[in-house]
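[1] below are the sequence and a predicted model; questions follow.
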Amino acid sequence: VSVTTASDAVTFNHSIDGGQALTVNSVAGNVTFTGAIGATTALGGLSVNPSAGAGTITFTSTIGDTSNGAGVIGTTAVGNAATVDIVFSSTDYSFDGATTFTAKTDADIDMAAAVEFTTVADNISFASGDIELADGANLDIDTGAAGGNITIGGSILGVSVETVTLDAGTGTTSVAAIGNSTEIGALSIGSAENGGITLNGAIVTDGAVTIDGPVTLATGAVSVTTANDAITFNHSIDGGQTLTLVSGTAATALQGEIGGTTAITSLTITNGTAAGTIEVGNIGGTTGAISIGNTNTATITLDGTAYSTGGAQTYTAAAGQNIDITGTAATFTTTNDNIGFVTAGVDLANDGTTTFNTDTAGGTVSFGAAIETDGGDDDLLVVTSGSGNVTFTGAIGVTQELGGLSVNASAGAGTITFTSTIGDTS
(Lines give C-alpha, C1' and ligand atoms only; values in the text may rest on other atoms or scores of the structure.)
Protein backbone atom coordinates (compact mmCIF):
# COMPACT_ATOMS: atom_id res chain seq x y z
CA VAL A 1 0.00 0.00 0.00
CA SER A 2 1.43 3.38 -0.95
CA VAL A 3 0.48 7.00 -0.37
CA THR A 4 2.15 9.72 -2.47
CA THR A 5 1.57 13.48 -2.49
CA ALA A 6 3.07 16.41 -4.37
CA SER A 7 4.60 18.13 -1.31
CA ASP A 8 1.35 17.93 0.68
CA ALA A 9 1.00 16.73 4.26
CA VAL A 10 -0.08 13.18 5.03
CA THR A 11 -1.93 12.50 8.28
CA PHE A 12 -3.22 9.20 9.66
CA ASN A 13 -5.68 10.10 12.43
CA HIS A 14 -6.25 6.59 13.76
CA SER A 15 -4.53 3.25 14.15
CA ILE A 16 -2.98 1.30 11.27
CA ASP A 17 -3.02 -2.53 11.14
CA GLY A 18 -2.76 -5.27 8.54
CA GLY A 19 -0.08 -7.56 7.19
CA GLN A 20 0.88 -5.40 4.23
CA ALA A 21 3.79 -3.03 3.71
CA LEU A 22 3.02 0.71 3.87
CA THR A 23 4.98 3.30 1.89
CA VAL A 24 4.46 7.05 2.25
CA ASN A 25 6.16 9.66 0.01
CA SER A 26 5.24 13.26 0.79
CA VAL A 27 8.15 15.20 -0.78
CA ALA A 28 8.23 18.37 1.38
CA GLY A 29 5.00 17.65 3.25
CA ASN A 30 4.91 16.56 6.86
CA VAL A 31 3.82 13.01 7.72
CA THR A 32 1.94 12.36 10.97
CA PHE A 33 0.88 9.03 12.47
CA THR A 34 -1.58 9.84 15.26
CA GLY A 35 -2.68 6.32 16.14
CA ALA A 36 -0.86 3.16 17.00
CA ILE A 37 0.82 1.18 14.23
CA GLY A 38 0.63 -2.61 14.19
CA ALA A 39 -0.85 -2.90 17.65
CA THR A 40 -3.32 -5.57 16.56
CA THR A 41 -1.77 -6.91 13.34
CA ALA A 42 1.79 -6.05 12.41
CA LEU A 43 2.51 -4.30 9.14
CA GLY A 44 4.61 -6.13 6.55
CA GLY A 45 7.01 -3.19 6.25
CA LEU A 46 7.11 0.57 6.72
CA SER A 47 8.76 3.21 4.51
CA VAL A 48 8.29 6.92 5.06
CA ASN A 49 10.14 9.28 2.71
CA PRO A 50 13.05 6.80 2.56
CA SER A 51 14.84 8.40 -0.40
CA ALA A 52 13.65 12.03 -0.56
CA GLY A 53 11.49 14.57 1.21
CA ALA A 54 12.29 17.17 3.86
CA GLY A 55 9.03 17.07 5.81
CA THR A 56 8.82 16.33 9.52
CA ILE A 57 7.78 12.78 10.38
CA THR A 58 5.85 12.34 13.63
CA PHE A 59 4.80 9.20 15.49
CA THR A 60 2.35 10.30 18.17
CA SER A 61 1.54 6.79 19.35
CA THR A 62 3.29 3.43 19.46
CA ILE A 63 4.59 0.99 16.88
CA GLY A 64 3.77 -2.46 18.18
CA ASP A 65 4.36 -3.17 21.81
CA THR A 66 7.64 -4.15 23.46
CA SER A 67 5.70 -6.59 25.65
CA ASN A 68 3.37 -8.18 23.07
CA GLY A 69 5.21 -8.03 19.77
CA ALA A 70 6.53 -6.03 16.85
CA GLY A 71 4.36 -3.52 15.02
CA VAL A 72 6.29 -4.04 11.79
CA ILE A 73 7.50 -7.41 10.52
CA GLY A 74 9.81 -6.55 7.67
CA THR A 75 12.04 -3.61 6.78
CA THR A 76 11.43 -0.20 8.30
CA ALA A 77 13.01 2.87 6.68
CA VAL A 78 11.97 6.28 7.98
CA GLY A 79 13.43 9.53 6.70
CA ASN A 80 16.38 10.44 4.54
CA ALA A 81 19.34 12.81 4.52
CA ALA A 82 17.02 15.80 3.88
CA THR A 83 14.41 15.09 6.59
CA VAL A 84 14.30 18.05 8.96
CA ASP A 85 12.87 16.25 12.01
CA ILE A 86 11.62 12.88 13.23
CA VAL A 87 9.49 12.94 16.38
CA PHE A 88 8.63 10.01 18.66
CA SER A 89 6.02 11.01 21.24
CA SER A 90 5.10 7.66 22.78
CA THR A 91 6.83 4.94 24.78
CA ASP A 92 7.08 1.71 22.72
CA TYR A 93 8.50 1.09 19.25
CA SER A 94 8.98 -2.57 18.40
CA PHE A 95 10.25 -4.03 15.12
CA ASP A 96 10.95 -7.43 13.60
CA GLY A 97 13.21 -6.53 10.69
CA ALA A 98 16.05 -4.18 9.83
CA THR A 99 15.15 -0.68 11.04
CA THR A 100 16.66 2.64 9.96
CA PHE A 101 15.86 6.24 10.92
CA THR A 102 17.60 9.03 8.98
CA ALA A 103 17.49 12.82 9.29
CA LYS A 104 19.68 15.71 8.16
CA THR A 105 23.04 15.73 9.91
CA ASP A 106 22.17 19.06 11.59
CA ALA A 107 18.57 18.03 12.34
CA ASP A 108 17.02 16.24 15.32
CA ILE A 109 15.41 12.93 16.10
CA ASP A 110 13.22 13.96 19.04
CA MET A 111 12.14 11.70 21.89
CA ALA A 112 9.28 13.43 23.71
CA ALA A 113 8.82 10.80 26.44
CA ALA A 114 10.67 7.93 28.07
CA VAL A 115 10.96 5.45 25.21
CA GLU A 116 12.06 1.91 24.38
CA PHE A 117 13.02 0.67 20.92
CA THR A 118 13.27 -3.08 20.45
CA THR A 119 14.00 -5.45 17.60
CA VAL A 120 13.96 -9.22 17.32
CA ALA A 121 17.72 -9.67 16.81
CA ASP A 122 17.61 -7.19 13.90
CA ASN A 123 19.81 -4.18 13.22
CA ILE A 124 18.54 -0.76 14.23
CA SER A 125 20.21 2.41 13.03
CA PHE A 126 19.73 6.09 13.77
CA ALA A 127 21.91 6.82 10.79
CA SER A 128 22.15 10.60 10.97
CA GLY A 129 20.65 13.46 12.91
CA ASP A 130 21.11 14.06 16.63
CA ILE A 131 18.90 12.23 19.11
CA GLU A 132 17.37 14.84 21.44
CA LEU A 133 15.82 13.56 24.68
CA ALA A 134 13.15 15.75 26.26
CA ASP A 135 12.98 16.25 30.04
CA GLY A 136 12.53 12.78 31.54
CA ALA A 137 12.73 11.03 28.16
CA ASN A 138 15.03 8.16 29.12
CA LEU A 139 16.18 6.14 26.11
CA ASP A 140 16.37 2.35 25.93
CA ILE A 141 17.37 0.48 22.75
CA ASP A 142 17.44 -3.33 22.93
CA THR A 143 17.93 -5.78 20.05
CA GLY A 144 17.77 -8.91 22.20
CA ALA A 145 20.39 -11.30 23.52
CA ALA A 146 20.87 -12.93 20.11
CA GLY A 147 21.92 -9.56 18.83
CA GLY A 148 21.12 -7.07 16.15
CA ASN A 149 23.54 -4.21 15.70
CA ILE A 150 22.84 -0.75 17.14
CA THR A 151 24.24 2.24 15.25
CA ILE A 152 23.93 5.83 16.45
CA GLY A 153 25.36 8.13 13.78
CA GLY A 154 24.66 11.46 15.49
CA SER A 155 25.00 12.74 19.03
CA ILE A 156 22.70 11.82 21.91
CA LEU A 157 21.71 14.89 23.92
CA GLY A 158 19.29 15.49 26.77
CA VAL A 159 17.93 18.09 29.17
CA SER A 160 18.22 16.91 32.77
CA VAL A 161 20.15 13.66 33.41
CA GLU A 162 18.10 11.43 31.11
CA THR A 163 19.42 7.87 31.16
CA VAL A 164 20.60 5.97 28.07
CA THR A 165 20.71 2.17 27.84
CA LEU A 166 21.95 0.46 24.67
CA ASP A 167 21.95 -3.35 24.61
CA ALA A 168 22.76 -5.15 21.36
CA GLY A 169 23.33 -8.55 22.96
CA THR A 170 25.91 -10.36 20.83
CA GLY A 171 25.52 -7.67 18.17
CA THR A 172 27.71 -4.62 17.85
CA THR A 173 27.05 -1.08 19.10
CA SER A 174 28.50 2.06 17.55
CA VAL A 175 27.96 5.50 19.07
CA ALA A 176 29.06 9.05 18.37
CA ALA A 177 29.27 11.80 21.00
CA ILE A 178 26.95 11.45 23.99
CA GLY A 179 25.98 14.21 26.40
CA ASN A 180 27.14 17.66 27.32
CA SER A 181 27.46 18.86 30.92
CA THR A 182 24.54 17.37 32.94
CA GLU A 183 22.26 16.53 30.02
CA ILE A 184 22.72 12.76 30.25
CA GLY A 185 22.51 10.71 33.44
CA ALA A 186 23.56 7.08 33.77
CA LEU A 187 24.83 5.49 30.54
CA SER A 188 24.99 1.76 29.92
CA ILE A 189 26.31 0.28 26.67
CA GLY A 190 26.51 -3.49 26.16
CA SER A 191 25.62 -6.46 28.31
CA ALA A 192 26.74 -9.90 29.47
CA GLU A 193 26.51 -11.15 25.86
CA ASN A 194 29.68 -9.14 25.14
CA GLY A 195 28.92 -7.64 21.73
CA GLY A 196 31.61 -5.31 20.40
CA ILE A 197 31.33 -1.57 21.09
CA THR A 198 32.76 1.24 18.95
CA LEU A 199 33.27 4.71 20.41
CA ASN A 200 33.51 7.66 18.02
CA GLY A 201 33.50 10.74 20.23
CA ALA A 202 33.33 12.33 23.66
CA ILE A 203 30.99 11.03 26.35
CA VAL A 204 29.92 13.45 29.10
CA THR A 205 27.44 12.41 31.80
CA ASP A 206 26.06 13.27 35.21
CA GLY A 207 25.70 9.57 36.01
CA ALA A 208 27.67 6.35 36.05
CA VAL A 209 29.07 5.03 32.76
CA THR A 210 29.22 1.25 32.22
CA ILE A 211 30.73 -0.16 29.02
CA ASP A 212 30.17 -3.94 28.93
CA GLY A 213 31.80 -5.35 25.81
CA PRO A 214 35.14 -5.19 23.97
CA VAL A 215 35.73 -1.60 22.88
CA THR A 216 37.26 -0.14 19.71
CA LEU A 217 38.31 3.52 19.71
CA ALA A 218 37.52 4.44 16.11
CA THR A 219 37.33 8.14 15.29
CA GLY A 220 39.60 10.77 16.79
CA ALA A 221 40.33 11.29 20.47
CA VAL A 222 37.83 9.56 22.76
CA SER A 223 37.03 10.76 26.26
CA VAL A 224 34.62 9.83 29.04
CA THR A 225 33.90 12.47 31.68
CA THR A 226 31.44 12.18 34.55
CA ALA A 227 30.29 14.54 37.30
CA ASN A 228 31.75 12.44 40.13
CA ASP A 229 30.22 9.20 38.88
CA ALA A 230 31.85 5.82 38.27
CA ILE A 231 33.37 4.80 34.94
CA THR A 232 33.65 1.05 34.27
CA PHE A 233 34.99 -0.76 31.22
CA ASN A 234 34.44 -4.49 31.70
CA HIS A 235 36.41 -5.73 28.69
CA SER A 236 39.30 -4.95 26.37
CA ILE A 237 39.98 -1.56 24.78
CA ASP A 238 41.73 -1.33 21.38
CA GLY A 239 42.15 1.17 18.56
CA GLY A 240 44.76 3.72 17.50
CA GLN A 241 43.25 6.72 19.30
CA THR A 242 43.86 8.55 22.55
CA LEU A 243 41.64 7.75 25.54
CA THR A 244 40.98 10.11 28.45
CA LEU A 245 38.87 9.17 31.47
CA VAL A 246 37.80 11.63 34.21
CA SER A 247 35.54 10.46 37.06
CA GLY A 248 36.02 13.08 39.80
CA THR A 249 35.46 11.66 43.27
CA ALA A 250 34.15 8.35 41.89
CA ALA A 251 35.92 5.17 40.80
CA THR A 252 37.37 4.41 37.39
CA ALA A 253 37.86 0.69 36.70
CA LEU A 254 39.36 -0.88 33.57
CA GLN A 255 38.89 -4.63 33.86
CA GLY A 256 40.13 -5.78 30.44
CA GLU A 257 43.39 -5.44 28.54
CA ILE A 258 44.17 -2.09 26.94
CA GLY A 259 45.79 -2.11 23.51
CA GLY A 260 46.36 -5.85 23.47
CA THR A 261 45.22 -6.32 19.86
CA THR A 262 45.67 -2.80 18.47
CA ALA A 263 47.73 -0.38 20.53
CA ILE A 264 45.93 2.79 21.55
CA THR A 265 47.74 6.09 21.10
CA SER A 266 47.86 7.23 24.72
CA LEU A 267 45.95 6.82 27.97
CA THR A 268 45.10 9.42 30.59
CA ILE A 269 43.06 8.50 33.65
CA THR A 270 42.49 11.25 36.15
CA ASN A 271 39.96 12.22 38.74
CA GLY A 272 40.51 15.82 37.73
CA THR A 273 41.83 17.13 41.03
CA ALA A 274 39.47 14.98 43.11
CA ALA A 275 40.07 11.92 45.26
CA GLY A 276 38.48 9.08 43.35
CA THR A 277 39.95 5.60 42.96
CA ILE A 278 41.48 4.02 39.86
CA GLU A 279 41.86 0.35 38.94
CA VAL A 280 43.74 -0.73 35.82
CA GLY A 281 44.17 -4.27 34.51
CA ASN A 282 46.65 -5.13 31.78
CA ILE A 283 48.06 -2.58 29.35
CA GLY A 284 49.08 -4.57 26.30
CA GLY A 285 50.23 -1.63 24.24
CA THR A 286 50.20 2.11 23.69
CA THR A 287 52.21 4.00 21.11
CA GLY A 288 52.54 6.96 23.44
CA ALA A 289 52.54 7.85 27.11
CA ILE A 290 50.17 6.91 29.90
CA SER A 291 49.33 9.13 32.85
CA ILE A 292 47.25 7.70 35.66
CA GLY A 293 45.98 9.60 38.71
CA ASN A 294 46.63 12.96 40.33
CA THR A 295 48.03 14.13 43.64
CA ASN A 296 44.61 13.70 45.32
CA THR A 297 43.72 10.28 43.87
CA ALA A 298 42.75 8.08 46.81
CA THR A 299 44.18 4.80 45.49
CA ILE A 300 45.55 3.30 42.30
CA THR A 301 45.27 -0.48 42.03
CA LEU A 302 47.32 -2.19 39.34
CA ASP A 303 45.98 -5.74 39.28
CA GLY A 304 47.15 -6.85 35.85
CA THR A 305 50.23 -8.84 34.92
CA ALA A 306 51.67 -6.63 32.16
CA TYR A 307 51.93 -2.88 31.56
CA SER A 308 53.67 -2.28 28.24
CA THR A 309 53.86 1.13 26.57
CA GLY A 310 55.65 2.90 23.74
CA GLY A 311 55.90 6.02 25.87
CA ALA A 312 56.47 7.07 29.47
CA GLN A 313 54.40 5.69 32.34
CA THR A 314 53.41 8.02 35.19
CA TYR A 315 51.37 6.94 38.22
CA THR A 316 50.30 9.62 40.72
CA ALA A 317 48.24 9.33 43.91
CA ALA A 318 47.83 11.10 47.25
CA ALA A 319 50.65 10.89 49.78
CA GLY A 320 50.72 7.61 51.67
CA GLN A 321 50.89 4.00 50.55
CA ASN A 322 48.21 4.50 47.94
CA ILE A 323 49.55 2.71 44.85
CA ASP A 324 48.98 -1.04 45.10
CA ILE A 325 50.57 -3.52 42.70
CA THR A 326 48.58 -6.72 43.13
CA GLY A 327 48.81 -8.47 39.74
CA THR A 328 50.68 -11.79 39.71
CA ALA A 329 54.29 -11.36 38.52
CA ALA A 330 53.46 -7.86 37.25
CA THR A 331 55.86 -6.53 34.61
CA PHE A 332 56.18 -2.87 33.59
CA THR A 333 58.02 -2.28 30.31
CA THR A 334 58.81 0.67 28.04
CA THR A 335 61.04 1.17 25.02
CA ASN A 336 63.62 3.52 26.57
CA ASP A 337 60.93 5.67 28.21
CA ASN A 338 60.59 6.67 31.85
CA ILE A 339 58.50 4.96 34.51
CA GLY A 340 57.62 7.09 37.52
CA PHE A 341 55.55 6.81 40.69
CA VAL A 342 54.74 10.29 41.99
CA THR A 343 53.78 11.52 45.48
CA ALA A 344 52.34 8.21 46.73
CA GLY A 345 54.18 5.20 48.07
CA VAL A 346 54.02 1.81 46.37
CA ASP A 347 52.81 -1.40 48.02
CA LEU A 348 53.96 -4.66 46.44
CA ALA A 349 51.17 -7.11 47.20
CA ASN A 350 51.32 -9.86 44.60
CA ASP A 351 53.33 -12.43 46.58
CA GLY A 352 55.81 -12.68 43.71
CA THR A 353 58.22 -10.68 41.59
CA THR A 354 57.41 -7.22 40.22
CA THR A 355 59.65 -6.24 37.31
CA PHE A 356 60.43 -2.85 35.76
CA ASN A 357 62.33 -2.76 32.46
CA THR A 358 62.97 0.40 30.44
CA ASP A 359 65.22 -1.26 27.82
CA THR A 360 68.94 -0.97 27.17
CA ALA A 361 69.15 2.64 26.00
CA GLY A 362 67.39 3.44 29.19
CA GLY A 363 64.43 5.27 30.53
CA THR A 364 64.58 6.32 34.15
CA VAL A 365 62.73 4.50 36.93
CA SER A 366 61.72 6.61 39.92
CA PHE A 367 59.81 5.95 43.12
CA GLY A 368 58.67 9.19 44.75
CA ALA A 369 57.87 7.76 48.17
CA ALA A 370 58.17 4.62 50.26
CA ILE A 371 58.06 1.04 48.96
CA GLU A 372 56.40 -1.53 51.21
CA THR A 373 54.83 -4.97 50.85
CA ASP A 374 51.91 -6.90 52.30
CA GLY A 375 54.26 -9.01 54.41
CA GLY A 376 55.39 -12.59 54.08
CA ASP A 377 58.84 -11.82 52.64
CA ASP A 378 57.64 -12.99 49.22
CA ASP A 379 57.35 -9.72 47.29
CA LEU A 380 60.44 -9.13 45.19
CA LEU A 381 61.37 -6.05 43.16
CA VAL A 382 63.54 -6.22 40.02
CA VAL A 383 64.56 -3.06 38.10
CA THR A 384 66.45 -3.00 34.79
CA SER A 385 67.00 0.46 33.31
CA GLY A 386 69.96 0.20 30.95
CA SER A 387 71.60 3.61 30.91
CA GLY A 388 68.64 5.21 32.67
CA ASN A 389 68.94 6.33 36.27
CA VAL A 390 67.01 4.65 39.08
CA THR A 391 65.89 6.75 42.05
CA PHE A 392 64.36 5.60 45.34
CA THR A 393 63.19 8.74 47.15
CA GLY A 394 61.39 7.08 50.05
CA ALA A 395 62.26 4.39 52.54
CA ILE A 396 62.20 0.75 51.42
CA GLY A 397 60.72 -2.04 53.50
CA VAL A 398 60.64 -0.23 56.81
CA THR A 399 57.24 -1.56 57.89
CA GLN A 400 57.05 -4.74 55.77
CA GLU A 401 60.31 -5.92 54.25
CA LEU A 402 60.75 -6.92 50.61
CA GLY A 403 61.57 -10.50 49.74
CA GLY A 404 64.36 -9.31 47.48
CA LEU A 405 65.69 -6.28 45.60
CA SER A 406 67.61 -6.30 42.32
CA VAL A 407 68.59 -3.11 40.51
CA ASN A 408 70.57 -3.40 37.26
CA ALA A 409 72.22 -6.48 38.72
CA SER A 410 73.54 -7.87 35.43
CA ALA A 411 73.86 -4.76 33.25
CA GLY A 412 73.09 -1.05 33.07
CA ALA A 413 75.19 2.12 33.41
CA GLY A 414 72.56 4.38 34.99
CA THR A 415 73.07 5.99 38.38
CA ILE A 416 71.23 4.31 41.26
CA THR A 417 70.19 6.63 44.11
CA PHE A 418 68.75 5.77 47.53
CA THR A 419 67.62 8.97 49.20
CA SER A 420 66.18 7.31 52.28
CA THR A 421 66.67 4.11 54.25
CA ILE A 422 66.33 0.43 53.47
CA GLY A 423 64.79 -1.31 56.45
CA ASP A 424 65.28 -0.14 60.01
CA THR A 425 68.04 -1.34 62.33
CA SER A 426 65.80 -0.78 65.31
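    Structure's in. What do you need?
[2] S366: neighbour count?
    19 (other Cβ atoms under 10 Å). (Glycine included, C-beta is placed from N, CA and C.)
[3] so the nearest residue to S51 once chain neighbours are set aside, which of the three states?
    Among residues not flanking S51 along the chain, N80 sits closest, at 5.7 Å (Cβ to Cβ, 6 or more residues apart in numbering). Assigned with DSSP: H, G, I helix; E, B strand; the rest coil, N80 falls in the coil class.
[4] and N80, how far is that from D108?
    15 Å (Cβ to Cβ, to the nearest Å).
[5] same thing with N138?
    17 Å.
[6] do I150 as well
    From I150 to D108 the distance is 19 Å (Cβ to Cβ).
[7] and F356, by the same measure?
    F356 is 52 Å from D108, by Cβ to Cβ.
[8] ok, the two, which is more surrounded?
    The neighbour comparison of F356 against D108 (other Cβ under 10 Å) goes to F356, with 23 against 19.
[9] the more buried one contacts T384, doesn't it?
    Yes: using Cβ atoms under 8 Å as the test, F356 is close enough to T384 to be in contact (7.1 Å).
[10] can you get me a residue count around V24?
    23.
[11] can you tell me the SS state at it?
    Taking three-state DSSP, the label given to V24 is strand.
[12] would you mind giving both backbone torsions of the residue nearest to S51?
    phi -150, psi -180 (degrees, to the nearest 10).
[13] and what of the one 4 residues further on?
    Geometry field for V84 lists phi and psi as phi -90, psi -20, criterion degrees, to the nearest 10.
[14] tell me if I'm right that it and G55 touch.
    Yes: using Cβ under 8 Å, V84 is in contact with G55, at 7.3 Å.
[15] more crowded one of those two?
    Between V84 and G55, counted using other Cβ under 10 Å, the more crowded position is G55 (25 against 18).
[16] find me the pLDDT at that one, would you?
    Here the pLDDT value assigned to G55 is 97.
[17] what's the end-to-end length of stretch 254-262?
    End-to-end distance for stretch 254-262: 16 Å, by Cα to Cα, to the nearest Å.
[18] now swap in stretch 2-15 and tell me
    In terms of Cα to Cα, the two terminal residues of stretch 2-15 are separated by 16 Å.
[19] give me the residues contacting that stretch.
    22-37, 39-40, 55, 61 (Cβ atoms under 8 Å, 6 or more residues apart in numbering).
[20] so for stretch 70-89, what gets flagged as buried?
    For stretch 70-89, burial by neighbour count (16 or more other Cβ atoms under 10 Å) applies to 70-80, 82-89.
[21] ditto for stretch 34-52
    For stretch 34-52, by 16+ other Cβ under 10 Å, it's 36-39, 42-50.
[22] with distance to T170, secondary structure and pLDDT added, can I get those in TSV?
    Shown next, in TSV, are the buried residues of stretch 34-52 (distance: Cβ to Cβ, whole Å; DSSP: H, G, I helix; E, B strand; the rest coil; pLDDT from 0 to 100):
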residue	distance to T170	secondary structure	pLDDT
A36	31	coil	98
I37	28	strand	98
G38	26	coil	97
A39	29	coil	95
A42	25	coil	97
L43	27	strand	98
G44	27	coil	98
G45	25	strand	98
L46	26	strand	98
S47	28	strand	98
V48	30	strand	98
N49	32	coil	98
P50	28	coil	97
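[23] closest to Y307 out of the residues you listed?
    Closest approach to Y307 among the buried residues of stretch 34-52 (Cβ to Cβ): P50, at 50.1 Å.
[24] excluding its backbone neighbours, what's nearest the closest one?
    A77 is the one closest to P50 (Cβ to Cβ, 6+ apart), at 4.0 Å.
[25] ok, L217 next?
    Using Cβ to Cβ, 6+ apart, the nearest residue to L217 is G239, at 3.3 Å.
[26] measure how far stretch 185-203 is from the centre of its chain, please.
    5 Å (Cα atoms, centre = their mean, to the nearest Å).
[27] same thing with stretch 265-283?
    13 Å.
[28] mind starting the numbering at 25 from now?
    With the count now opening at 25, the last piece we talked about shows up as stretch 289-307.
[29] list the buried ones in that stretch?
    Taking 16+ other Cβ under 10 Å as the criterion, stretch 289-307 shows 289-295, 298-307 as buried.
[30] then stretch 349-364?
    For stretch 349-364, burial by neighbour count (16+ other Cβ under 10 Å) applies to 349-351, 354-358, 360-364.
[31] list just the nearest of those to A254.
    A254 lies nearest to T350 out of these, by Cβ to Cβ, at 19.8 Å.
[32] surely that closest one touches T329?
    No: applying Cβ under 8 Å, one finds T350 not in contact with T329, separated by 10.3 Å.
[33] got the end-to-end distance for stretch 225-234?
    The first-to-last residue distance of stretch 225-234 comes to 16 Å (Cα to Cα).
[34] which residues outside stretch 380-393 are in contact with it?
    Contacting residues not belonging to stretch 380-393 are listed as 336, 343, 345, 355-370, 405-418, 435-438 [Cβ under 8 Å, 6+ apart].
[35] now which of the residues you listed would you call buried?
    336, 345, 355-358, 360-370, 405-418, 436, 438.
[36] among these, name the ones in strands.
    Counting by DSSP state E, the buried ones among the contacts of stretch 380-393 place 355-358, 363-366, 370, 405-408, 414-416 in strands.
[37] now do the contacts for G400.
    Applying Cβ under 8 Å, 6+ apart, we find G400 in contact with D375, G427.
[38] recalculate using a threshold of 10 Å.
    For G400, the contact set (Cβ atoms under 10 Å, 6 or more residues apart in numbering) comprises A373, D375, Q424, E425, G427.
[39] can I get those in a markdown table with neighbour count and pLDDT?
    A markdown table is the format used below for these (neighbours: other Cβ atoms under 10 Å; pLDDT from 0 to 100):
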| residue | neighbour count | pLDDT |
| --- | --- | --- |
| A373 | 22 | 95 |
| D375 | 17 | 95 |
| Q424 | 17 | 94 |
| E425 | 18 | 95 |
| G427 | 16 | 96 |
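[40] and of these, the nearest to S152?
    Using Cβ to Cβ, A373 is the member of the contacts of G400 that lies nearest S152, at 50.1 Å.
[41] pretty sure D236 sits against G220.
    No: D236 is not in contact with G220 according to Cβ atoms under 10 Å; the separation is 11.2 Å.
[42] list residues touching both of these two?
    Residues touching both D236 and G220 (Cβ under 10 Å, 6+ apart): G214, H259.
[43] related to what we said a few turns ago, can you put the contacts of G400 in a markdown table and add secondary structure and distance to S247?
    Formatted as a markdown table, the contacts of G400 follow (DSSP: H, G, I helix; E, B strand; the rest coil; distance: Cβ to Cβ, whole Å):
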| residue | secondary structure | distance to S247 |
| --- | --- | --- |
| A373 | coil | 31 |
| D375 | coil | 36 |
| Q424 | coil | 38 |
| E425 | coil | 42 |
| G427 | coil | 40 |
